[in-house]
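Colleague: output the structure for:
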Amino acid sequence: MAGRDETDAHDAGEDPVYEAAAAWVARLASPDATDRDRDAFEAWRAADPAHADAHAELEGLWRKLGQVPDPRLRRASSKGVAGIAIVLVLGATLAFQLGLIDWLRSDLWSGVGDIVHATLADGSRIDLNTDTAIALRFSETERRVELLRGEAFFDVASDPQRPFVVRGDGLSVRAVGTRFVVRADSAEIPVGVIEGRVDVAASGRPVRISAGEAVRRAEAESLSVTAANTDRMTAWREGRLRFSGERLSAVLAELDRFRHGRIVLLDAAAGERRVTGAFDARNTDEALDAIAATMGVEVTRLSPLLVLVGSPFRKS
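Modeller: Now for the predicted structure:
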């Protein structure tokens, strides 16, 4: 089974020291922070040098954003800071918990930024994209795969007596012998076929897609068939990410899948610009530098876990 090293949990911002530090930044910035809160914080900070270091780093990060006021000034704007910090803490914790739950349920999984290749018991081959987990439910009449999270490519060994079915994100993809890719992250295009045919069903009647086609999912969960560049869709299998005239916001969201922490787009107008290019999925920092150089946007790294694209301090 593939999986992350035990130390990886701390790399993604789930370190409990940093979570506690972020919570203290939020609490002390709040206008209703009490003397008891400040005393408790001082006790926590003094308990371990790592506590003081983590708090200093995160408080400096928020100040660098221009969001955290002087603690001596009880301005109402500090409520926004508390909200930002709390959202980040809860978001990181929730993401970790959901990932842990999926990992515990899975038979095969990949870590953030990893691509895993495996052969199943029936001879089918599978590639797992970054941060992906699957559970296998093989029986005498069906080969069922639960795509719990992420994205996977399937090269299915033919067995007419046992259809190969992938379920994930409200979709059911049925094949006998074919090659296709499925995403379980609410993507607009969650299924693409490289070879053969598959039937894809959501809440309504299934649609059949053939090689070179993909399924597009509308807001009402209806499915339609569209032409697709499956080479670009599956370039991640070789560690490449390819884009052709796609919105910068979508490109950044894709890069975000391959790194710990978050990429935050601060300029909605810049997010509408179109990107064409190929990037190394294993080096998203290099991709961000290339985007900064060619797209005229500013990339600011506030920490290894937080990257801003576009300046929040644009002059009028």
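
Colleague: show me where the stretch 201-316 of the chain has its strands.
Modeller: 207-210, 213-217, 223-227, 240-247, 262-265, 274-280, 299-303, 306-309 (DSSP state E, counting those that start in this stretch).

Colleague: could you dump those strands to TSV with mean pLDDT?
Modeller: Output for the strands of the stretch 201-316 of the chain, formatted as TSV (pLDDT from 0 to 100):
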stretch	mean pLDDT
strand 207-210	94
strand 213-217	94
strand 223-227	93
strand 240-247	95
strand 262-265	84
strand 274-280	95
strand 299-303	81
strand 306-309	84
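
Colleague: between those strands, which one is closest to residue 116.
Modeller: With Cβ to Cβ, the closest approach to residue 116 among the strands of the stretch 201-316 of the chain belongs to strand 240-247: 16.4 Å. C-betas here are computed from N, CA, C, even on glycine.

Colleague: what lines up beside the closest one in the sheet?
Modeller: In the sheet, strand 240-247 lines up against strand 274-280 (antiparallel) (DSSP bridges).

Colleague: pull the partner strand out as CSV, backbone CA atoms only.
Modeller: Output in CSV follows, covering the C-alpha atoms of strand 274-280 (Å, rounded to 0.1, in the frame of the first residue of the first chain):
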residue,chain,number,x,y,z
ARG,A,274,-5.6,33.0,-19.8
VAL,A,275,-2.6,30.6,-19.3
THR,A,276,-1.0,28.3,-21.8
GLY,A,277,2.0,26.3,-20.8
ALA,A,278,3.4,23.1,-19.2
PHE,A,279,4.7,22.9,-15.7
ASP,A,280,6.5,20.3,-13.5
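
Colleague: which parts of that strand are buried?
Modeller: Buried residues in strand 274-280, counted by 16 or more other Cβ atoms under 10 Å: 275, 279.

Colleague: go on, stretch 160-175?
Modeller: For stretch 160-175, a neighbour-count test (16+ other Cβ under 10 Å) marks 162-169, 171, 173-175 as buried.

Colleague: taking these together, which two end up most distant?
Modeller: 162 and 169 (23.3 Å).

Colleague: among the buried residues of stretch 160-175, which ones are in helices?
Modeller: Counting by DSSP state H, none of the members of the buried residues of stretch 160-175 fall within helices.

Colleague: return the item of the residues you listed having minimum pLDDT.
Modeller: Within the set of the buried residues of stretch 160-175, pLDDT is lowest for residue 169 (89).

Colleague: for that residue, give me its contacts.
Modeller: For residue 169, the contact set (Cβ atoms under 8 Å, 6 or more residues apart in numbering) comprises 147, 183-186, 190.

Colleague: so how far is residue 271 from it?
Modeller: Distance, residue 169 to residue 271, by Cβ to Cβ, to the nearest Å: 24 Å.

Colleague: repeat that for residue 148.
Modeller: 29 Å.

Colleague: and what of residue 179?
Modeller: As judged by Cβ to Cβ, residue 179 and residue 271 stand 33 Å apart.

Colleague: who touches residue 197 in this structure?
Modeller: 175, 178, 208-211.

Colleague: residue ranges of the strands in the stretch 1-150 of the chain, please?
Modeller: Here the stretch 1-150 of the chain has its strands, by DSSP E, counting those that start in this stretch, at 108-109, 116-119, 125-128, 133-138, 143-149.

Colleague: same list (those strands) but as a markdown table, adding mean pLDDT.
Modeller: Shown next, in a markdown table, are these (pLDDT from 0 to 100):
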| stretch | mean pLDDT |
| --- | --- |
| strand 108-109 | 94 |
| strand 116-119 | 96 |
| strand 125-128 | 98 |
| strand 133-138 | 96 |
| strand 143-149 | 96 |
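
Colleague: which one of those lies closest to residue 195?
Modeller: Residue 195 lies closest to strand 125-128 among the strands of the stretch 1-150 of the chain, at 12.5 Å (Cβ to Cβ).

Colleague: name the helices or strands packed onto the closest one?
Modeller: Counting contacts by 3 or more Cβ pairs under 8 Å, 6 or more residues apart in numbering; DSSP states H and E, strand 125-128 packs against strand 108-109, strand 116-119, strand 151-155.
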